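>>> Pasting the sequence and the predicted model now:
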Amino acid sequence: MRSYFQILLYILASVFKSPRRLAAENIALRHQILVLKRKHRGRIKLRGLDRIILGWLARIVPAAADAIIIVKPETLVRWHRFGFRAFWRWKSGSVGGRPPVDKELRSLILRMAAENPLWGAPRIHGELLKLGFELAQSTVSNYLRLHPRPRGQTWKTFIENHKDAIAAADLFVVPTIGFKLMYGIAIIHLKRRQLVWTNATLHPTAEWIAQQLTEAFPWELAPRHLIRDRDAIYGAVFRRRLNSLGIRDHPTAPRSPWQNGYAERIIGSIRRECLDNTIVFGEAHLRRTLRSYAQYYNRARTHLSLAKDSPIHRPVKRQGNIIARPHLSGLHHEYARTG
């Protein structure tokens, strides 16, 4: 009954309202009905055009704000203030001064800084001038200040710059059929990811590891650097052998296997592609298996980092019959052309 009485009062009050106010209230009510029709469930979602229409009606005819019921009065005031600030921000926009820097140029500055950690603002500014960009060196300095970068080169950059003279070594454990633990060693040359030496023993010692290093690298082929972990088995005998071969020792930081990632990766490949699918009967059997896998790895297996080539270059043949050459008793195959 109360709602009907309110409607009757509204009808009587409309007789004394101006046509402008009635038109504004009619528009507000109709638009709110459209907004409510779009609602499926949950809260009412207003679009930017809805805010403009309702805020405009409340601005030109303040009395029509009483007909707006889907939002609170303070919400209308907030919309009006936001529109006021946006309008005068656009109105008072600068038409002179230094032109803004394009997004593409800003990205290029940050790219040069990331790819060249030893470059400062003068060097980057010089490269930009050679590319035809006209800007001040102070602008480059400002963007470098907003995006700090690490000092010096990364470990990956160091490895890439010296991979021709770097080898890596690591030990791994292999269980046998009798539940004994054997130890294998993998020595890899970083230039072509070549597995230069692998061997196994039941009782690894510093003398044994030093002997493996000697057999892996003849005098004229010894690398200048060797990366290894901080296993206690690399004793004084091993370090003296490195010095006699002219190889600099580079133990990794504690608990940082990622610094010897190449050796860790090749050991993972040995496990996944060979040892996880083989039951080891003894020391001699493990040595033969590792030698067979090393031959397959170096001569037949393709690598993403070598543009799908093998460590020992494998030429492309386009003519001839295709045959399959088994490796590791048929666990892997190499496909080649004959004739």
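Good, I have the coordinates.
>>> what number of residues lie near residue 244?
12 (other Cβ atoms under 10 Å). The way it works is simple: take the backbone N, C-alpha and C, and place the C-beta from them, glycine included.
>>> how about the helix or strand containing it: buried residues?
Element membership of residue 244 [criterion: DSSP states H and E] is helix 236-245. Judged by neighbour count using 16 or more other Cβ atoms under 10 Å, the buried positions of helix 236-245 are 238, 241-242, 245.
>>> among the residues you listed, which two are most distant?
Farthest apart among the buried residues of helix 236-245 by Cβ to Cβ are 238 and 245. That separation is 11.0 Å.
>>> Give the residues shared as contacts by those two.
residue 213 (Cβ atoms under 8 Å, 6 or more residues apart in numbering).
>>> What is the subsequent helix or strand relative to the helix holding residue 244?
Following helix 236-245 in sequence, per DSSP H and E, is strand 248-251.
>>> Can you show me the CA trace of the helix or strand just after that next one as PDB?
Scanning forward in sequence from strand 248-251 by DSSP H and E, the next helix or strand is helix 261-273. Provided in PDB are the C-alpha atoms of helix 261-273 (Å, rounded to 0.1, in the frame of the first residue of the first chain):
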ATOM      1  CA  GLY A 261      75.000 -27.100 -16.700                       C
ATOM      2  CA  TYR A 262      76.700 -28.600 -19.700                       C
ATOM      3  CA  ALA A 263      78.000 -31.600 -17.800                       C
ATOM      4  CA  GLU A 264      74.700 -31.900 -15.800                       C
ATOM      5  CA  ARG A 265      72.800 -32.000 -19.100                       C
ATOM      6  CA  ILE A 266      75.000 -34.600 -20.700                       C
ATOM      7  CA  ILE A 267      74.700 -36.800 -17.600                       C
ATOM      8  CA  GLY A 268      70.900 -36.400 -17.800                       C
ATOM      9  CA  SER A 269      71.000 -37.500 -21.400                       C
ATOM     10  CA  ILE A 270      73.200 -40.600 -20.500                       C
ATOM     11  CA  ARG A 271      70.600 -41.600 -17.900                       C
ATOM     12  CA  ARG A 272      67.500 -41.000 -19.900                       C
ATOM     13  CA  GLU A 273      68.700 -42.400 -23.200                       C
END
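>>> For helix 261-273, buried residues please.
261-264, 266-267, 269-270, 273.
>>> Need the residues you listed in TSV (columns: pLDDT and distance to residue 111).
Converted to TSV, these look like this (pLDDT from 0 to 100; distance: Cβ to Cβ, whole Å):
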residue	pLDDT	distance to residue 111
261	90	25
262	91	27
263	94	32
264	94	30
266	95	32
267	96	35
269	95	33
270	96	38
273	94	37
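>>> Tell me the one of those residues nearest residue 189?
residue 262 (9.3 Å).
>>> That closest one contacts residue 188, correct?
Yes - the criterion here is Cβ atoms under 8 Å, and residue 262 meets it with residue 188 at 5.8 Å.
>>> Centre of the chain to the helix holding residue 244, how far?
Centre-to-centre, helix 236-245 and its host chain are 39 Å apart (Cα atoms, centre = their mean, to the nearest Å).
>>> name the helices or strands packed onto that helix?
For helix 236-245, the helices and strands in contact under the criterion 3 or more Cβ pairs under 8 Å, 6 or more residues apart in numbering; DSSP states H and E are helix 206-216, strand 248-251.
>>> so which of these comes closest to residue 222?
Nearest of those (Cβ to Cβ): helix 206-216, 8.7 Å.
>>> That closest one vs helix 236-245, what angle?
Angle, helix 206-216 to helix 236-245, by axes from the mean of the first three to the mean of the last three Cα atoms, to 10 degrees: 30 degrees.
>>> centre of the chain versus helix 206-216, how much separation?
On Cα atoms, centre = their mean, the centre of helix 206-216 falls 38 Å from the chain's centre.
>>> Please work out which residues outside that helix touch it.
Contacts for helix 206-216 (Cβ under 8 Å, 6+ apart): 167, 169, 171, 185, 187, 196-197, 199, 201, 226, 233-238, 240-242, 245, 247.
>>> So for it, what gets flagged as buried?
206, 208-210, 212-213, 216.
>>> what's the neighbour count on residue 127?
Residue 127, neighbours per other Cβ under 10 Å, totals 15.
>>> okay but it is in contact with residue 112, surely?
Yes - between residue 127 and residue 112 there is a contact at 6.4 Å, judged by Cβ under 8 Å.
>>> Could I get the buried residue list for stretch 178-186?
Residues of stretch 178-186 classed as buried: 182-186 (neighbour count, 16+ other Cβ under 10 Å).
>>> For that stretch, the averaged confidence score.
Regarding stretch 178-186, the rounded mean pLDDT is 94.
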